[in-house]
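**Q** here is the input, now give the coordinates:
(2 chains)
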Amino acid sequence: MSWWPLWLACGLVTFAIRYSFIALEGHYKPPAWFIRALPFVPIAALTAITAPELLLVAGRLQVTDNPRLLAGIVAIAVAARWKNTLATIASGFAALWLLRAFS
Amino acid sequence: MTRSQAFLLGVRALLPMHLGVAPFGVIYGVVALSAGIPPLAALLMSSIVFAGSAQFLLAQLVGAGAPALLSVGAVGLINLRHALYSASVAPLLAHLPRRWKLLLAYLLTDEAYAAAIPHLLENPKSPVAHWILFGAGFALWAGWQLATLAGVLAGSLLPSDLGLDFALPLTFIAIVVPLIGSRARLFAALVAAAAAVMLAGLPYKTGLFAAALAGLAAGALSGEKR
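**A** Next up is the predicted model:
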């Protein structure tokens, strides 16, 4: 079987999604609500990706006995206080490994 | 800021994410081979489709013998959230020639967007701002190709789980938390988080897209002025 057509079709669909608004820019005027919502894209999209990684264990909500959630809260506190990427990542991993070692 | 400074700024912002992306890419290589995809085709998927979670899904669908049309549709659904990134960066790229727009659209992943956006927002008027996005996009692209190659060649020798995939959520936390500077933004984040958790069971990660939209709506409706 040849993989090319399927890969190419999937690549084109992915590319078309990523190119969509970049290509449209300047050719149409988006509605006001759309423009008002845009500044929230980084926060809304990245939080939507991150929250399940912290709160779900094997696809189910787990707020107790969840090392990733605790480590994530530590990282959130460090990020809020120092606004430093490496410190945030290091503190999160340190918390995760400590919690695992002592649980 | 010069072009090379902007490029390196993007590269540096992305580098920590490789901790999480590299194991993910290696595992993709293993999954693709075990789905019966030949090594060369597995590698080419990484450059043609270039979308981590969509590649996992596509490999699984191919392995299960799913119809091509369904596979293409599933890949589209899983990548739908990238349209939001496209809309978000579009005004900043409006002045660029088409070849730049094509290149940056091809490189517009979760990671590249996340790494570049704080710097893009800081320097929206800079004539070299697109080099930041290019640096982040290129750094992720190169790392992803190498990780995939490693997975195809030696994935079965994978070390035991250190939880390195946790690097990605941690990096996203490092990016998002400093951006939360107002009640409207905090509200948007909380709504997106709650919706993402509630909708996590939806197929093809459509819950992520719906949750992002819910967060956007919450933020926009709470009426923050730009």
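
**Q** only C-alpha atoms for contact and neighbour calcs from this point on.
**A** OK.

**Q** tell me what the longest helix anywhere in chain B is packed against?
**A** In chain B, taking DSSP state H as the definition, the longest helix is helix B:129-154. On a contact count with 3 or more C-alpha pairs under 8 Å, 6 or more residues apart in numbering or on different chains; DSSP states H and E, helix B:129-154 meets helix B:3-14, helix B:18-34, helix B:39-48, helix B:98-106, helix B:110-122.

**Q** how about these in CSV, adding distance to residue A:18 and mean neighbour count?
**A** Formatted as CSV, the helices and strands packed on helix B:129-154 follow (distance: least, C-alpha to C-alpha, whole Å; neighbours: other C-alpha atoms under 10 Å in any protein chain shown):
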stretch, distance to residue A:18, mean neighbour count
helix B:3-14, 19, 21
helix B:18-34, 20, 22
helix B:39-48, 14, 19
helix B:98-106, 5, 18
helix B:110-122, 11, 21
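
**Q** where among these is average confidence lowest?
**A** When these are compared by mean pLDDT, helix B:18-34 comes last with a mean of 88.

**Q** what bits of chain B have low per-residue confidence?
**A** Applying pLDDT under 70 to chain B picks out residues B:156, B:158-162, B:224-226.

**Q** for it, which residue occupies the most central location?
**A** residue B:110 (2.0 Å; C-alpha atoms, centre = their mean).

**Q** phi, psi of the residue nearest to that one when sequence neighbours are not counted?
**A** Spatial nearest neighbour of residue B:110, excluding adjacent residues (C-alpha to C-alpha, 6 or more residues apart in numbering or on different chains): residue B:82 at 7.3 Å. Per-residue torsions, residue B:82: phi -70, psi -20 (degrees, to the nearest 10).

**Q** and residue A:56, by the same measure?
**A** phi -100, psi 140.

**Q** contacts only, for it.
**A** Counting by C-alpha atoms under 8 Å, 6 or more residues apart in numbering or on different chains, residue A:56 touches A:62, B:197.

**Q** who does it bridge with?
**A** residue A:61 (DSSP bridges).

**Q** pLDDT score for it?
**A** For residue A:56, pLDDT reads 95.

**Q** before we move on, back to that, next one: the residue nearest to residue B:110 relative to residue B:206, how far apart?
**A** Using C-alpha to C-alpha, to the nearest Å, one gets 12 Å for the distance from residue B:82 to residue B:206.

**Q** could you do residue B:96 as well?
**A** Following C-alpha to C-alpha, the distance that separates residue B:96 from residue B:206 is 31 Å.

**Q** go on, residue B:212?
**A** According to C-alpha to C-alpha, residue B:212 stands 10 Å off from residue B:206.

**Q** out of these two, which sits in the busier spot?
**A** Using other C-alpha atoms under 10 Å in any protein chain shown as the criterion, residue B:212 and residue B:206 rank with residue B:212 on top: 31 against 20.

**Q** quick one: that one and residue A:40 touch, right?
**A** No. Using C-alpha atoms under 8 Å, residue B:212 makes no contact with residue A:40, being 9.1 Å away.

**Q** look up the closest residue to residue B:190, ignoring the ones flanking it.
**A** residue B:215 (7.5 Å).

**Q** tell me who's in contact with residue B:1.
**A** B:126, B:128.

**Q** residue B:23 too?
**A** Applying C-alpha under 8 Å, 6+ apart to residue B:23 gives the contacts B:147, B:164, B:165.

**Q** can you turn the buried part of these into a PyMOL selection?
**A** Applied in PyMOL, the following selects the buried portion of these according to 16 or more other C-alpha atoms under 10 Å in any protein chain shown:
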select buried, chain B and resi 147+165
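
**Q** now, among the contacts of residue B:23, which is nearest to chain A?
**A** residue B:164 (8.5 Å; C-alpha to the nearest C-alpha).

**Q** the closest one touches residue B:24, doesn't it?
**A** No. Using C-alpha under 8 Å, residue B:164 makes no contact with residue B:24, being 9.0 Å away.

**Q** tell me the one of the contacts of residue B:23 nearest residue B:124?
**A** residue B:165 (31.4 Å; C-alpha to C-alpha).

**Q** could you measure from the closest one over to residue A:53?
**A** Noted for residue B:165: a distance of 10 Å to residue A:53, by C-alpha to C-alpha.

**Q** quick one: terminal-to-terminal distance for stretch B:60-70?
**A** Terminal-residue distance, stretch B:60-70 (C-alpha to C-alpha): 12 Å.
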